[in-house]
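*Asks:* one predicted model, sequence on top.
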Amino acid sequence: MRESLAGLIGSKRCILVCGGGGVGKTTISASIGIAAARIRSRVLVLTIDPSHRLLQAFGYPDALLHSGGEPLELSKQVKETLLVPASASLSIAVLNPRYVIDGIVDQTLSSSKASILRKTVLYREMTQMIHGLQEYTAYEWVTRMISEDRYDLIVLDTPPAFHAKEFFNAPEKIKNLMESRVFQIFLPKTGSWFKSVISFSWVERLLGEGLFRESVLFFETFFSLRDRILERCQALAAFFKSDTVGVVAVGTPESTPSLELEGLSGFLRGKAIPLRAIVINQIEMPDPAPVDSAVWRGLSPEFQEKLKKLSEHQQARSERCFSAFQRLQKVYAGVPVVPVPMCYDRDGFEILRNNSITLI
């Protein structure tokens, strides 16, 4: 039995929002968070999308959240504008991988080992070097927030569709890295002294003595985190399939986003990750009543003709758009498909408010 999007918003601990670029995924994520804050007490909207559109959607400068890592609760005035009860807590956050990794290090290592690790060049550059680490830190962040019971619902805005697949593959990638020969090269060897010297010598010549020594220090210290990371990867691989998590895909009626949506849903099926709902954004709704040409009286015949053609074009475009939405409903018959009309309001808060009402 399928559950409505409103049901997901009211019952899940985490909603993962996925979709292609340019489909309004971040806006929908924010709108889901606003809708949730009307019925739940503590809601967090978290994004790992590097474009930082979430901050822009709520009117905040990028630098405001990059200095730290903790969520920022919206003000009473902003909540009032968005029709969110004053008693509800609605917060936003942009994932800061360094902040999350620092927290893991502090929880796992002694203060002396943590200090040694932080001084290495590899640690300072680690978030750029290790593929999948940003996605992994998103898991760590979300699961920590859930385990600490800080929020009733976390809405996680993921990167665009192509990178979303990387996002779901991250636990496996990190696990493979932790078990790879990279660690074996730098970690102290067991066995004969001769083999140890032979295995180290070519790496030392390649990197230079200074960087090599620091690399050994980094891996020896970071290896202390290996067991924790492997354990977490196993748990996180199952996280997406949990009943507490709902994956929501966002698309539009246009052909390219529809194909991206199809590819994403197929990928999720292959991973045995259930798709709980689909939001079709930016739908042009047909006007049931054609424009009365009487309102154009007083205009020149040439201008009236242009307005007539424009109106006919817009009506035809809306009908094509709505037909595409109906086709998508048939394609995804087993999943609730929620339409969100195109919104031309200039005020970003107005768009978020209207969307949040439409979604539930």
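*Replies:* Sure thing, it's come through.
*Asks:* is it true that E284 touches S323?
*Replies:* No: using CB atoms under 8 Å as the test, E284 is too far from S323 to be in contact (10.9 Å). (C-beta placed from N, C-alpha, C; glycine too.)
*Asks:* and for E179, the neighbour number?
*Replies:* E179 has 12 neighbouring residues, counting by other CB atoms under 10 Å.
*Asks:* on that earlier part again, quick one: which of E284 and S323 has more around it?
*Replies:* The neighbour count for E284 versus S323, taken as other CB under 10 Å, is higher for E284 (18 against 12).
*Asks:* what's the mean pLDDT across stretch 349-360?
*Replies:* The average of the pLDDT scores along stretch 349-360 is 87.
*Asks:* what's that stretch in contact with?
*Replies:* Stretch 349-360 has contacts (CB atoms under 8 Å, 6 or more residues apart in numbering) with 5-6, 9, 27-28, 30-32, 34-35, 38, 57, 59, 78, 81-83, 279, 338-341, 343, 345.
*Asks:* how about R269: what's its closest non-neighbour residue?
*Replies:* Nearest non-adjacent residue to R269, counting by CB to CB, 6 or more residues apart in numbering: L275, 7.8 Å away.
*Asks:* ranges for the strands of the stretch 101-250 of the chain?
*Replies:* For the stretch 101-250 of the chain, the strands defined by DSSP state E, counting those that start in this stretch cover 153-160, 245-251.
*Asks:* quick one: the longest one to strand 245-251, angle?
*Replies:* Translated: strand 153-160. Put simply, strand 153-160 runs at 40 degrees to strand 245-251, going by axes from the mean of the first three to the mean of the last three CA atoms, to 10 degrees.
*Asks:* which parts of the lengthiest helix in the chain are buried?
*Replies:* Longest helix in the chain, counting residues (DSSP state H): helix 301-331. The neighbour-count check on helix 301-331 (16 or more other CB atoms under 10 Å) flags S318, C321, F322, A324, F325, L328 as buried.
*Asks:* next: stretch 94-114.
*Replies:* Residues V94, L95, N96, P97, Y99, V100, I101, I104, V105, L109, K113, A114 are the ones in stretch 94-114 that count as buried (16+ other CB under 10 Å).
*Asks:* out of the contacts of stretch 349-360, which end up buried?
*Replies:* With burial judged by 16+ other CB under 10 Å, the buried subset of the contacts of stretch 349-360 is 5-6, 9, 27-28, 30-32, 34-35, 38, 57, 81-82, 279, 338-340, 343.
*Asks:* what about these, which are in helices?
*Replies:* Among those, DSSP H puts L5, A6, I9, T27, I28, A30, S31, I32, I34, A35, A57, T81 in helices.
*Asks:* make CSV from these and add pLDDT and distance to Q304 to it.
*Replies:* What follows is these, written out as CSV (pLDDT from 0 to 100; distance: CB to CB, whole Å):
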residue, pLDDT, distance to Q304
L5, 90, 43
A6, 91, 44
I9, 93, 46
T27, 89, 36
I28, 93, 39
A30, 92, 41
S31, 94, 38
I32, 96, 43
I34, 95, 42
A35, 95, 42
A57, 71, 39
T81, 90, 40
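*Asks:* now the helices for the stretch 151-300 of the chain?
*Replies:* 161-178, 181-186, 193-207, 209-222, 226-239, 255-270 (DSSP state H, counting those that start in this stretch).
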